[in-house]
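# No letters, just coordinates:
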């Protein structure tokens, strides 16, 4: 047997006034049946007058019942409308209270609701955004943007997120995090997508500043403060790396140690400040002579280490001679009335050398260059 409650709900769901007309009809039928029974019992036959009187009674009863029903129907309808109005107002209050850009998209990419923050971000009115056009049509495009998270959520039915750099109407830029969430219908299909944005510009700026600071500290930790070339620790790390590469790929590698001749006399004659200036100028001259693949570092005092990847001993010797001549030609400020010379020691990778061995052999060659009269290269 059908559930009477479900039948009544179905009957009322299409039009609540069905209940009124149904009540009147039921009252008429009940009154007519009662009058017919009374007529048969009292007279043994149906009486037209009694039936007419019964019909009038039924009309009165139906009027009373219908009035009561109408009253309760209208009361229930008003209560429902008030509840709906309060619920809608409450949801609108929540929506408008969200301080970040917030929007809801239908599954055909139309914006059905946006808050004022979202409209301000797009430099358009709420009414313009929630008009008949699709979101990309409002922007003058023929399709959704590349890497659109709304589309990803439409297709996957999963929440998505991404960071994006926005260009604002006034030319400023802001970083935002965009989050999207699917709303599913009764068939578990995406009917709408909620999009929420959060301004993360301050965080991104802080991250970039921190990244730059880390890079600066890393650079300073590997840089000689006086000459601004690699310090001893950093140049030895690079030598280890280049030796490993030479072993792995069976390529040539040479190393040069440069030492400024009679640097102690420069300090004694002109002072340590002048000596520091000479070292800076000489370091610039050496660095300016290097190829892009060559590496230079201050090894200590007035000694500099030059790593020459993919360079045989003969090529390193020619390069060392050019360096020696360039240092002789350096012109120092007027207060430093001298000419500098450079002694150089050269060592080549021999297949089994490690960093310390190459430095030792280059240092021995430098010692021989100094011992044999300075201002020359030896290997």
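Cool, got the structure. Treat the numbers as computed from the prediction; the structure is a model and nothing was measured.

# Make sure residue 258 is indeed in a strand.
Yes. Read with DSSP: H, G, I helix; E, B strand; the rest coil, residue 258 is one of the residues of a strand.

# Look at it and report its pLDDT.
Residue 258 is assigned 92 on the pLDDT scale.

# excluding its backbone neighbours, what's nearest it?
In space, residue 258 comes closest to residue 304 once its chain neighbours are excluded; the distance is 4.6 Å by Cβ to Cβ, 6 or more residues apart in numbering. To be clear about C-beta, it is placed using only N, CA and C from the backbone, and glycine gets the same treatment.

# which residues touch that neighbour?
229, 257-259, 283, 286, 296-298 (Cβ atoms under 8 Å, 6 or more residues apart in numbering).

# Same check on residue 184?
Under the criterion of Cβ under 8 Å, 6+ apart, the neighbours of residue 184 are 157, 190-191.

# For it, name its beta-bridge partners.
The residues listed as beta-bridge partners of residue 184 by DSSP bridges are residue 190.

# what's the answer for residue 256, then?
With DSSP bridges as the criterion, residue 256 is bridged to residue 306, residue 346.

# Run a quick neighbour tally on it.
Applying other Cβ atoms under 10 Å, we find 27 other residues in the vicinity of residue 256.

# Could you do residue 273 as well?
Once other Cβ under 10 Å is used to define contacts, residue 273 is seen to have 10 neighbours.

# Next one: it, what pLDDT does it get?
Reported pLDDT at residue 273 in the predicted model: 88.

# Quick check: which element contains it?
Assigned by DSSP states H and E, residue 273 belongs to helix 272-288.

# got the contact list for that helix?
Taking contacts as Cβ under 8 Å, 6+ apart, the residues outside helix 272-288 that touch it are 226-229, 258, 260, 263, 266-267, 296, 298, 302, 304, 306, 323, 326-327, 330, 332-333, 335-336, 340, 342.

# Take those residues and keep only those in helices.
Secondary structure of the contacts of helix 272-288 is defined by DSSP state H; positions in helices are 263, 266-267, 323, 326-327.

# Just send those back as TSV, with distance to residue 186 too.
Formatted as TSV, the entries for these read as follows, by distance: Cβ to Cβ, whole Å:
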residue	distance to residue 186
263	87
266	89
267	89
323	81
326	83
327	85
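
# Now list the buried members of those.
Among the ones in helices among the contacts of helix 272-288, the ones that count as buried by 16 or more other Cβ atoms under 10 Å are 263, 266-267, 323, 327.
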